[in-house]
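Q: could you work out the structure for the sequence below:
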Amino acid sequence: MRKSESNRSEQRLERLKAVAKEAGVKLTHQRLEIFRELAGTEDHPDADAIFRAVQQRVPTVSLDTVYRTLSKLHDLGLVTMLGPQRDGVRFDANLDPHHHYVCVRCGLVRDFESEELNGLRLPDALKNFGSIVDAHVEVRGLCAECQKAAESNRDSAPKQKREPREDSTP
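A: Residues are numbered from 1 along each chain as shown. So this is what the prediction gives:
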């Protein structure tokens with residue numbers, strides 16, 4: 001982890017401690033490890049990925065504990081939920097205004113910032129649905145790795161000779 005990522009992770013952890021204390025939520029070792037795992041990654045993992053990572057350090061953690069902790073962190077406003085994606089709900093400890101890039105092939109999710117998108121005016125028609133708590137833009141496409149793989153597959157595919165159609169005129 002780079003130094004700037006480590007600093008962000010530590011800032012998020014300090015915020016967790018302050019919010020939990022104010023809300024009277026006990027910070028167990030397992031809860032801290034679950035949040036530390038989420039706060040230390042930019043991958044927007046789902047609960048299963050967090051469980052597998054935390055279980056390596058805390059073998060006694062259960063998947064149920066991970067789900068309940070993530071739900072509690074969401075209720076406290078310490079994480080946001082993205083999704084549903086194809087693999088289910090994913091979690092994000094970055095509470096700064098940002099948007100998401102999602103790869104439609106592999107599911108990679110990355111944060112990006114945009115002042116232009118932050119200033120996007122929401123249509124009045126949304127008021128008919130109810131109040132708005134938050135808005136962010138999700139940009140979807142092929143990540144560089146998937147695009148490179150697709151181009152490689154396309155380049156290595158045998159070229160097929162096109163036969164003229166019978167109904168076409170010469």
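Q: contacts and neighbour counts: CA atoms only from here.
A: Will do.
Q: quick one: the helices in the chain, in order.
A: Counting by DSSP state H, the chain has helices at residues 3-23, 29-39, 47-57, 63-75, 115-118, 144-156.
Q: quick one: closest of those to Leu108.
A: Evaluated over those, closeness to Leu108 peaks at helix 144-156, with 9.8 Å, by Cα to Cα.
Q: residues near the residue nearest to Thr69 when sequence neighbours are not counted, how many?
A: Distances taken as Cα to Cα, 6 or more residues apart in numbering place Arg31 nearest to Thr69, at 6.2 Å, with adjacent residues excluded. Residues lying near Arg31 (other Cα atoms under 10 Å) number 20.
Q: format the helices of the chain as a markdown table; extra columns: distance to Gly88.
A: As requested, these are exported to a markdown table (distance: least, Cα to Cα, whole Å):
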| stretch | distance to Gly88 |
| --- | --- |
| helix 3-23 | 24 |
| helix 29-39 | 16 |
| helix 47-57 | 9 |
| helix 63-75 | 12 |
| helix 115-118 | 26 |
| helix 144-156 | 21 |
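Q: can you put those in JSON lines and add mean pLDDT and distance to Leu82?
A: JSON lines is the format used below for the helices of the chain (pLDDT from 0 to 100; distance: least, Cα to Cα, whole Å):
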{"stretch": "helix 3-23", "mean pLDDT": "85", "distance to Leu82": "18"}
{"stretch": "helix 29-39", "mean pLDDT": "93", "distance to Leu82": "13"}
{"stretch": "helix 47-57", "mean pLDDT": "95", "distance to Leu82": "12"}
{"stretch": "helix 63-75", "mean pLDDT": "92", "distance to Leu82": "11"}
{"stretch": "helix 115-118", "mean pLDDT": "90", "distance to Leu82": "18"}
{"stretch": "helix 144-156", "mean pLDDT": "85", "distance to Leu82": "21"}
